[in-house]
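[1] next come a sequence and a model predicted from it.
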Amino acid sequence: MPDNKVLPCGRPLPAASAPPTLQKMNTYREELKQFLATENLKFTEQRWNIAKIILQTGGHLDAQEMVRRVKKAHPSIGAATVYRNIKVLCDAGILEPTHQSIDGRDVYELPDEDHHDHILCIDCGEVFEFNNEKIESLQVKVAKDFGFNLTGHRHMIHGACDYLQKKKSSHR
């Protein structure tokens, strides 16, 4: 069976993000411990097991997918516990909501040192990351034109897949 998987439209599946290194995982662990201490919350192995599953996955996951993955690895951990810990991880700055899926679910990913934006395929729901310096500089200009200093942004392009459109038209 070939390794090069494809999306339903025939487009190659985007390369998955590499999981965090052991050093980065240790950094996340310490950041989580420090955050929990400032919030007077306990650092528990259950909480860390949830965080590890989510952190090692990286990518663009909604809460339901996180629950599924955590329950697969740790069946005794309930969905409500996972949901509460997603919020804790976001509050700690270890996880961040980035956009909504085509069915309206919040999607999360790890904060990235390298800024990127997203394109969401409205046909299959796949998310593609990109960075475009022209868009970045234009955003700064637009903010300045409106009298703002840009401090951040989220850019999500929604689009229909050309691959799927070509596939449909070739079958007519």
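    That came through, no problem.
[2] what sits against the residue most central in space within the chain?
    With distances taken as Cα atoms, centre = their mean, the residue of the chain nearest its centroid is residue 109 (2.4 Å). Going by Cβ atoms under 8 Å, 6 or more residues apart in numbering, residue 109 touches 58-61, 95-96, 98. In this view, the C-beta of every residue, glycine as well, is placed from N, C-alpha and C.
[3] and the helix or strand containing residue 107, which residues are buried?
    Per DSSP states H and E: residue 107 is located in strand 106-109. Under the neighbour-count criterion of 16 or more other Cβ atoms under 10 Å, strand 106-109 has 107-109 buried.
[4] picking up where we left off before, mind putting the contacts of residue 109 into CSV with neighbour count?
    Output for the contacts of residue 109, formatted as CSV (neighbours: other Cβ atoms under 10 Å):
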residue, neighbour count
58, 15
59, 16
60, 21
61, 21
95, 23
96, 13
98, 20
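[5] from the chain's centre, how far out does stretch 103-113 sit?
    3 Å (Cα atoms, centre = their mean, to the nearest Å).
[6] what mean pLDDT does that stretch get?
    Averaged across stretch 103-113, pLDDT comes to 82.
[7] sorry, back to before: in helices only, show me the contacts of residue 109.
    Among the contacts of residue 109, no member is found in helices (DSSP state H).
[8] restricting to C-alpha, output the top helix by length along the chain in CSV.
    Longest helix of the chain, by residue count under DSSP H: helix 22-38. Once non-C-alpha atoms are left out, helix 22-38 reads as follows in CSV (Å, rounded to 0.1, in the frame of the first residue of the first chain):
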residue,chain,number,x,y,z
LEU,A,22,11.4,15.6,24.2
GLN,A,23,13.0,18.9,25.1
LYS,A,24,9.9,20.9,23.9
MET,A,25,7.7,18.4,25.8
ASN,A,26,9.7,19.0,29.0
THR,A,27,9.3,22.8,28.4
TYR,A,28,5.5,22.4,28.0
ARG,A,29,5.4,20.3,31.2
GLU,A,30,7.2,23.0,33.1
GLU,A,31,5.1,25.8,31.6
LEU,A,32,2.0,23.9,32.6
LYS,A,33,3.3,23.3,36.2
GLN,A,34,4.1,27.0,36.6
PHE,A,35,0.7,28.1,35.2
LEU,A,36,-1.2,25.7,37.4
ALA,A,37,0.7,26.8,40.5
THR,A,38,-0.2,30.5,39.8
